[in-house]
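*Asks:* I'd like to go over a predicted model; first the sequence, then the structure.
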Amino acid sequence: MFVFCMALWMVLNGRFTWEILLIGAAVSAAVSLGFRKMTGTGREQELSLIRKLPKMFGLFGYLVKEILLANLRVIRMVFRKKQPDSCLVSITPRLHTTAARVALADCITLTPGTITADIQEGSLTVHCLDGSMAEGLEDSGFVRRLQARENRSGNDEV
C-alpha cells in the first residue's frame, strides 16, 4: 500500500524534489498505516493482493474486449432496425464462491445487451436484449476465468 500511495503521489505531483519526496513518504506511510488499522490487514494480505493483480488485469482485459464486441453487436442491431427478441435466461454457472458469482454478475451487467436481474442460490437470472446473446453464458470466458481463479485461491476471494 505504501508503494502504491508513493507512486501515485509522485505521478500526480509531476515533479521530483527532496521536499516532495519526503512529504510524499510521510503521507504515504500515514495512509498505509491507517488503511491497515481500518481493514485489519497486514503485510501478508497486501503481498497476496499484489500477486493476484496480474490475473485481475487479465480478467479486466477480457471484460473490455467483450464490452467492445457486445457494443458492436448492439450497434448492428440498431442500424439493421432488427426488432429485439429479448428474453430472461436462468443460468447456473459452476462457481463455488459468492465473490465469483457476484463478479460474474457484474461482468454480465457491464456487457451491453445483458443485465443480471437476480442472483439466488447459485443461479443467475439474466435479461438479454436478443436471444443470441444468451447462448454460451453458462460456459463463457468469464466463467472459465473465474473458475480458474477459484481453483487457485481456494477461499471466498476472487
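*Replies:* Nice, I can see it. Numbers count the residues shown, from 1 in each chain.
*Asks:* residue 49: neighbour count?
*Replies:* Around residue 49 there are 13 other residues, counting by other CB atoms under 10 Å. Every residue, glycine included, has its C-beta placed from N, CA and C.
*Asks:* any idea which element it lies in?
*Replies:* helix 43-79 (DSSP states H and E).
*Asks:* can you map out the strands along the chain?
*Replies:* 87-91, 114-120, 123-128 (DSSP state E).
*Asks:* give me whichever of the ones you listed is most buried.
*Replies:* Stretch with highest mean neighbour count among these: strand 123-128 (a mean of 19; mean count of other CB atoms under 10 Å).
*Asks:* mean pLDDT and distance to residue 76 for the strands of the chain - can I get that in CSV?
*Replies:* Formatted as CSV, these follow (pLDDT from 0 to 100; distance: least, CB to CB, whole Å):
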stretch, mean pLDDT, distance to residue 76
strand 87-91, 91, 18
strand 114-120, 91, 16
strand 123-128, 92, 15
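*Asks:* per-residue pLDDT, the nearest residue to residue 63 once chain neighbours are set aside?
*Replies:* The shortest distance from residue 63 to any non-neighbouring residue, by CB to CB, 6 or more residues apart in numbering, is to residue 107 (5.6 Å). Per-residue confidence (pLDDT) for residue 107: 91.
*Asks:* and this protein, what are its domains?
*Replies:* According to automatic domain parsing, the chain comprises the domains 2-39, 53-153.
*Asks:* let's have those domains in CSV, adding distance to residue 46.
*Replies:* Below are these laid out as CSV (distance: least, CB to CB, whole Å):
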stretch, distance to residue 46
domain 2-39, 8
domain 53-153, 11
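*Asks:* ok, which of those comes nearest residue 45?
*Replies:* For residue 45, the closest of the domains of the chain is domain 2-39, at 8.3 Å, according to CB to CB.
*Asks:* ends of that closest one, what's the gap?
*Replies:* For domain 2-39, the first-to-last residue distance is 15 Å (CA to CA, to the nearest Å).
*Asks:* what do you get for stretch 6-21?
*Replies:* End-to-end for stretch 6-21, by CA to CA: 8 Å.
*Asks:* can you tell me which of the domains of the chain is most buried?
*Replies:* Across those, averaging neighbours per residue (mean count of other CB under 10 Å) puts domain 53-153 on top, at a mean of 15.
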